[in-house]
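1. Here's my sequence, what's the structure:
(2 chains)
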Amino acid sequence: MTAVMALEGVAFRYPGAAGEALSGVSLGVAAGEIVALAGDAGAGTSTLLLVATGLAPRLVGGTLTGTRRMPGRCGIVFSRPWTQLTGLCSTVGDEVAFGPASLGLAREPVLASAQRAMERLGITHLAMRDPAHLSGGELQRVVVASVLALEPDLLALDDPAAELDPAGADALYGLLPALAAGGTAVLVATPDLERAARVATRVVVLAGGHVVADGPAHLLEGTRVAAIARAAGCPPPYPPDVPSLLRRVGP
Amino acid sequence: MIGYLAGRSPLHRAHPYTTLALAAAVLLVAFALTRPLEVWLLVAVAAVLAASGGGEVLRSSVRAALLLSLPIWALLFVLYGLLGAEPRLALGVVSLSAPGMARALVLGGRITAIVLGFLTALGTTSPHRLVEAMTASGVPFGRTFLLASTLTVLPRMRDRARQILEAQQCRGLRIGGSPLARLGALGPLALPLILGALAEVDEQVLALDARGAGGGARRTALEAPPDSGPQRLVRWALLVAVIVAYGWKFWRMRG
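-> Residues are numbered from 1 along each chain as shown, chains lettered A, B, ... in the order given. Here you go, the predicted structure:
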């Protein structure tokens, strides 16, 4: 498979930082792949997303070395939905249409893209609502729809379910396989290893800015959550998911 | 409340350029007028403008304008009225400077008219309609965002300040008491307010750029607010009024 986005020996240092946030990172993401980025705080997962989407160093500053091949169009979703709103749109429909309108497309294709994105996220009923009056979960779905309306080749998500309730998080992660099936490359940095293991086609584990493991989802067996579950005597899979834990607890 | 207040008044329905032109005209004419009566007539015009935005806009604009202007009036009264030049007027036990009071009335009136005009424009101009109007006019997004963000920054900061205050009060911060104690409570409010706003702006810039805002393409206006011949005429008339006001000012200065 041809990688939509590829990094080869990439190192990145934030402006004024003493050390590198990323070091010697080589990673490719192909169309249709869902790559989960796992790692402790400070491992470099969020930085990797900024580099992969081209926001670092262009907007963030700092220095980048190594080779980076960028996709045609990137979208990024951060964890806090309210910081990603334009603050200029009075309805959800306008908010979702903001991205395509910024590309200078004609009015009809802009509205059609926004409509498709809202349908994919199941938020067409919110189209006329004021984004300022939505719940956190609804807002994050609006943000994801706003990014999808751009029809990105690479969708990067940085802990996208941090502000969502369990049902909202399930719905969000459940959407990723459908996106990938449509040809979008998905890169998701998350501490939610249970949900990541459920949808990821590949897992990349980072520590101290280095890639320490890159392989299929069962790599997550080596994570701390898995170790705790194993030590607690939980049966596989590692890390455990809710159904397996419920089976363990019994009726 | 300072910020946009939804409504159906003629000012709400007007093209955003018209409401902004009205506020700008009040600002410019205020500096062209030099006599207390003229300036306070302009304050009356600004109040009528606020009233045409509906009851809620009038109430909130007048309240906010008074809150902002009163300390300045007090300062002007002391500086010009009490400490001003001769001749002086005796008002009971108080002696006031006649030219100083005239000057204070002009300066205070100007500030009140300008503040009232801009609060009215702020209360009746939907940031979204303004963005759409500017987009339709081909104004680059950076400038549009700068102006629209300026219009929305006060309500956003006020909401954030309220959240921070509530959180700090839960952690034992006391905001009542003497003026000194109230001043002391500003520290725990100001720092998180400013740092939080900076951090959010940082993330918002990244999010907006990823949504094509910094791409340089001319944005598509989806619902450009309708403009009309009479509104364009009003804007031209305002320009003429400003020119006439300055012409009159310079003619009087020469005379």
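2. most centrally placed residue in chain A?
-> With distances taken as Cα atoms, centre = their mean, the residue of chain A nearest its centroid is residue A:157 (1.7 Å).
3. repeat for chain B
-> Central residue of chain B (Cα atoms, centre = their mean): residue B:118, at 3.4 Å.
4. residue contacts, it?
-> B:23, B:26, B:27 (Cβ atoms under 8 Å, 6 or more residues apart in numbering or on different chains). Where C-beta positions appear, they are placed from N, C-alpha and C, glycine not excepted.
5. ok, now residue A:126?
-> Per Cβ under 8 Å, 6+ apart, neighbours of residue A:126: A:92, A:118, A:134, A:138, A:142.
6. Show me chain B divided up by domain.
-> Domain segmentation of chain B under automatic domain parsing yields B:10-132+B:226-254, B:140-210.
7. Residues of the stretch 51-200 of chain A that sit close to chain B?
-> A:53, A:55, A:59-60, A:74-76, A:78, A:80, A:82-90, A:94, A:97-107, A:110-111, A:143, A:146-147, A:150 (Cβ under 8 Å from any Cβ of the partner chain).
8. and if we set it to 6 Å?
-> A:55, A:59, A:75-76, A:78, A:83-84, A:87-90, A:97-99, A:101-104, A:107, A:110 (Cβ under 6 Å from any Cβ of the partner chain).
9. can you list the residues that contact the lowest-mean-pLDDT helix or strand in chain B?
-> One helix or strand of chain B scores below all others by mean pLDDT, DSSP states H and E: helix B:179-184, with a mean of 76. Contacting residues not belonging to helix B:179-184 are not present [Cβ atoms under 6 Å, 6 or more residues apart in numbering or on different chains].
10. so what's residue A:232 scoring on pLDDT?
-> On the pLDDT scale, residue A:232 is placed at 62.
11. residue contacts, the closest residue to chain A within the stretch 1-150 of chain B?
-> With Cβ to the nearest Cβ as the measure, residue B:128 is the residue of the stretch 1-150 of chain B nearest to chain A, at 4.2 Å. Neighbour list for residue B:128: A:88, A:89, A:90 [criterion: Cβ under 6 Å, 6+ apart].
12. Could you tell me the model confidence score at the last one?
-> Note for residue A:90: predicted pLDDT of 85.
13. Name the SS class of it, please.
-> coil (DSSP: H, G, I helix; E, B strand; the rest coil).
14. what's the spacing between the nearest residue to residue B:10 once chain neighbours are set aside and residue B:129?
-> Once flanking residues are discounted, residue B:10 sits nearest to residue B:52: 6.0 Å by Cβ to Cβ, 6 or more residues apart in numbering or on different chains. Using Cβ to Cβ, to the nearest Å, residue B:52 is found at 17 Å from residue B:129.
15. next one: residue B:231
-> Counting by Cβ to Cβ, the separation of residue B:231 from residue B:129 is 13 Å.
16. quick one: pLDDT of residue A:220?
-> Reported pLDDT for residue A:220: 64.
17. Then residue A:250?
-> 62.
18. Residue A:229 now?
-> With respect to pLDDT, residue A:229 scores 65.
19. Now do the helices in the chain.
-> Answering for chain A, as no chain was given. Counting by DSSP state H, chain A has helices at residues A:45-52, A:92-102, A:107-121, A:136-148, A:166-181, A:193-199, A:224-231, A:242-249.
20. that's the wrong chain, I meant chain B
-> So, for chain B - with DSSP H - the helices run B:10-13, B:16-32, B:36-51, B:55-76, B:98-124, B:127-136, B:141-170, B:179-184, B:186-210, B:229-254.
21. Which residue is the nearest non-sequential neighbour of residue B:4?
-> Using Cβ to Cβ, 6+ apart, the closest residue to residue B:4 is residue B:126 (5.6 Å).
22. what's the spacing between that neighbour and residue B:146?
-> Taking Cβ to Cβ as the measure, residue B:126 falls 17 Å from residue B:146.
23. Between the two, point out the one with more neighbours.
-> residue B:126 (21 against 10; other Cβ atoms under 10 Å in any protein chain shown).
24. picking up where we left off before, compare the contacts of residue B:118 and tell me which has the most neighbours.
-> Within the contacts of residue B:118, most neighbours by other Cβ under 10 Å means residue B:26, with 25 neighbours.
25. can you pull the pLDDT of it?
-> pLDDT, residue B:26: 97.
26. Spit out the contact partners of the closest residue to it other than its chain neighbours.
-> The spatially closest residue to residue B:26, leaving aside those adjacent along the chain, is residue B:117, at 3.4 Å (Cβ to Cβ, 6+ apart). Residue B:117 makes contacts with B:23, B:26, B:46, as judged by Cβ under 6 Å, 6+ apart.
27. Poorly predicted segments of chain A, please.
-> By pLDDT under 70, the weakly predicted segments of chain A are A:1, A:218-251.
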